[in-house]
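Colleague: sequence and predicted model, in that order:
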2 protein chains.
Amino acid sequence: MSIEHSILAVLSFGPSSGYDIKSEFEHEASGLFWGASYGSIYPKLKKLEETGYIFALEEEDEGRKKKLYELTKKGWLELEQWLGETPSYPIIKDELFMKMGSWHRDMDLKILVNHLLERKKQSEHLLRFVTEWPKNGVSYIDQVGMLAIQYAKMRLETELLWIDRTIEMIQSGDLPKAQDTRGNAEKMITRRRKTLQE
Amino acid sequence: MSIEHSILAVLSFGPSSGYDIKSEFEHEASGLFWGASYGSIYPKLKKLEETGYIFALEEEDEGRKKKLYELTKKGWLELEQWLGETPSYPIIKDELFMKMGSWHRDMDLKILVNHLLERKKQSEHLLRFVTEWPKNGVSYIDQVGMLAIQYAKMRLETELLWIDRTIEMIQSGDLPKAQDTRGNAEKMITRRRKTLQE
DNA sequence: CGGGACATGTAAACGGTTACATGATTAA
DNA sequence: TTAATCATGTAACCGTTTACATGTCCCG
């Protein structure tokens, strides 16, 4: 899965060099899907060529020599076979979420508010981008791609709504009730304090 | 970052063995944050012990011998220092999204609808779980943890809403307009068809 | 004529998973 | 008595990133 197929996907839009593919992955919207560095792109291209999914056309692009890659028949079929497979469930690594999961009573909530404000800034930026992008009149975005962009927008809007609500709740002290039938919170902070005063 | 800190976070709730930590990561809600296998947990525990973040207390737990680990003072401080650092922006790897980005006109939209229905099923399942979890009367979930759960719920609800809308749009043929000022979609399918008939 | 973008590539390091090895205890 | 679960660990492998090496072309 993955890097190989992302490369095939990029090539489906038109012949590209390793450098082009890297630029595509550095695109602002990449935060919404994937990424790869030169260290994996070039070896992967070589491998895909050996397998017969792509072939190189040494081309003179505006005076500069570039090694452009294009999909073979086998490559198109592989891409389409992959598109047809049920996508695996998304893998999300969200440190903010993890940190909230292990937050404890002796941690100042003001720090958490700062984290939330920082996240808000970043998500607002991304939201602005995904809103403007399909209107720039330049990039090619397919109808189905537009559906995906609508999803990204909704997701970000929901996140921003949650952030605002959450900050309000924290600042008003109106937090939801904990589930703690065995006094775990209490046990935890006594354990912590005992260890810290040593 | 990450596995080391996730382990410290788990230990902050109480002394645990490598096996316990693994079970914690296998928890259904792990899809919402992190994961790790034995192959990384045990070596990590050893390393954390050497660094002085944790120490082992060989304990007899209901007849069974377990190597329980507990946070040291240094470990608590490290955990809290990490909690205080601005969390990095989430990394999301969503194959569905990627596939939609490279979907093309010659791909049957019925397949995409199947992908969406499959995703719907999985997200509904997760939503059910995160809704029931904080009500099971057993697990310990802190107030801040509850805020995180609220976020997960909102995110999943938004996703489900988007899925329903999207399926409707596809089935009614009422798709959003593409951005394609240079006839890229056309070029792409002629390139593809030419390659395929060879 | 120097700095920056364009362009291709590789070697070492890293972080993690998979698969395996081993054994104790418990419930059917 | 045997399958499942509890429990700890390692070695081989895999994919990816980081850092480096090298060179070109173009603009100011």
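Modeller: Happy to help now that I have it.
Colleague: got the domain boundaries for chain A?
Modeller: Here the domain parsing of chain A from automatic domain parsing is A:3-84, A:95-196.
Colleague: these into TSV, with extra columns for mean pLDDT, distance to DNA strand D and mean neighbour count?
Modeller: Yep, even glycine has a C-beta here, placed from its N, CA and C like the rest. Below are those laid out as TSV (pLDDT from 0 to 100; distance: least, CB to the nearest atom of the strand, whole Å; neighbours: other CB atoms under 10 Å in any protein chain shown):
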stretch	mean pLDDT	distance to DNA strand D	mean neighbour count
domain A:3-84	87	2	17
domain A:95-196	95	16	16
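Colleague: of those, which approaches DNA strand C most closely?
Modeller: DNA strand C lies closest to domain A:3-84 among the domains of chain A, at 3.3 Å (CB to the nearest atom of the strand).
Colleague: would you turn the domains of chain A into TSV with distance to residue B:52?
Modeller: As requested, these are exported to TSV (distance: least, CB to CB, whole Å):
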stretch	distance to residue B:52
domain A:3-84	34
domain A:95-196	13
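Colleague: report all helices and strands that the strand or helix carrying residue A:41 contacts.
Modeller: Residue A:41 is part of helix A:38-51, with elements assigned from DSSP states H and E. Under the contact definition 3 or more CB pairs under 8 Å, 6 or more residues apart in numbering or on different chains; DSSP states H and E, helix A:38-51 sits against helix A:3-12, helix A:18-26, strand A:54-61, strand A:64-71.
Colleague: now the domains of chain A as JSON lines including distance to DNA strand C?
Modeller: JSON lines is the format used below for those (distance: least, CB to the nearest atom of the strand, whole Å):
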{"stretch": "domain A:3-84", "distance to DNA strand C": "3"}
{"stretch": "domain A:95-196", "distance to DNA strand C": "12"}
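Colleague: list the contacts for residue A:100?
Modeller: A:112, B:144-145, B:147-148 (CB atoms under 8 Å, 6 or more residues apart in numbering or on different chains).
Colleague: which strands and helices sit next to the helix ranked longest in chain A?
Modeller: Assignment by DSSP state H gives helix A:143-172 as the longest helix of chain A. Counting contacts by 3+ CB pairs under 8 Å, 6+ apart, helix A:143-172 is packed against helix A:109-132, helix B:95-101, helix B:143-172.
Colleague: check contacts around residue A:185.
Modeller: With the criterion set at CB under 8 Å, 6+ apart, residue A:185 makes contact with A:104-105, A:178, B:140, B:142.
Colleague: let's see which of those end up in strands.
Modeller: Counting by DSSP state E, none of the members of the contacts of residue A:185 fall within strands.
Colleague: and those, which is closest to residue A:97?
Modeller: Comparing these against residue A:97 with CB to CB places residue B:142 closest, at 13.3 Å.
Colleague: that closest one against residue A:103, yeah?
Modeller: Yes - counting by CB atoms under 8 Å, residue B:142 touches residue A:103, with 6.4 Å between them.
Colleague: CA atoms only for stretch A:132-151, dumped as CSV, please.
Modeller: Extracted in CSV, the C-alpha atoms of stretch A:132-151 (Å, rounded to 0.1, in the frame of the first residue of the first chain):
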residue,chain,number,x,y,z
GLU,A,132,-9.8,29.0,-1.6
TRP,A,133,-8.1,26.2,-3.4
PRO,A,134,-11.0,25.0,-5.5
LYS,A,135,-11.6,28.6,-6.5
ASN,A,136,-8.2,29.6,-7.7
GLY,A,137,-9.0,28.8,-11.3
VAL,A,138,-5.7,27.1,-11.8
SER,A,139,-5.5,23.7,-10.1
TYR,A,140,-7.3,20.8,-11.6
ILE,A,141,-9.8,19.3,-9.2
ASP,A,142,-12.2,16.6,-10.3
GLN,A,143,-15.8,16.3,-9.2
VAL,A,144,-15.0,13.5,-6.9
GLY,A,145,-12.0,15.4,-5.6
MET,A,146,-14.5,18.3,-4.8
LEU,A,147,-16.5,15.9,-2.6
ALA,A,148,-13.3,15.1,-0.7
ILE,A,149,-12.7,18.8,-0.2
GLN,A,150,-16.2,19.3,1.1
TYR,A,151,-15.4,16.6,3.7
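Colleague: what lies in contact with that stretch?
Modeller: Contacts for stretch A:132-151 (CB under 8 Å, 6+ apart): A:13, A:28-29, A:130, B:97, B:100-101, B:103-104, B:109, B:112, B:159, B:162, B:166, B:169-170, B:175-182, B:184-185.
Colleague: give me the angle between the helix holding residue A:41 and helix A:18-26.
Modeller: Helix A:38-51 runs at 120 degrees relative to helix A:18-26, counting by axes from the mean of the first three to the mean of the last three CA atoms, to 10 degrees.
Colleague: ok so, going back, among the helices and strands packed on helix A:143-172, which comes closest to residue A:19?
Modeller: Residue A:19 lies closest to helix B:95-101 among the helices and strands packed on helix A:143-172, at 20.2 Å (CB to CB).
Colleague: and that closest one, C-alpha only, in CSV?
Modeller: The C-alpha trace of helix B:95-101 is given here as CSV (Å, rounded to 0.1, in the frame of the first residue of the first chain):
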residue,chain,number,x,y,z
GLU,B,95,-6.9,6.1,2.0
LEU,B,96,-10.5,6.9,1.1
PHE,B,97,-9.6,10.6,0.8
MET,B,98,-6.5,9.7,-1.3
LYS,B,99,-8.5,7.5,-3.6
MET,B,100,-11.1,10.2,-4.1
GLY,B,101,-8.4,12.6,-5.0
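Colleague: starting at the chain centroid, how far to it?
Modeller: With CA atoms, centre = their mean, to the nearest Å as the basis, helix B:95-101 stands 17 Å off its chain's centre.
Colleague: how about stretch A:116-125?
Modeller: Distance, stretch centre to chain centre, for stretch A:116-125: 15 Å (CA atoms, centre = their mean).
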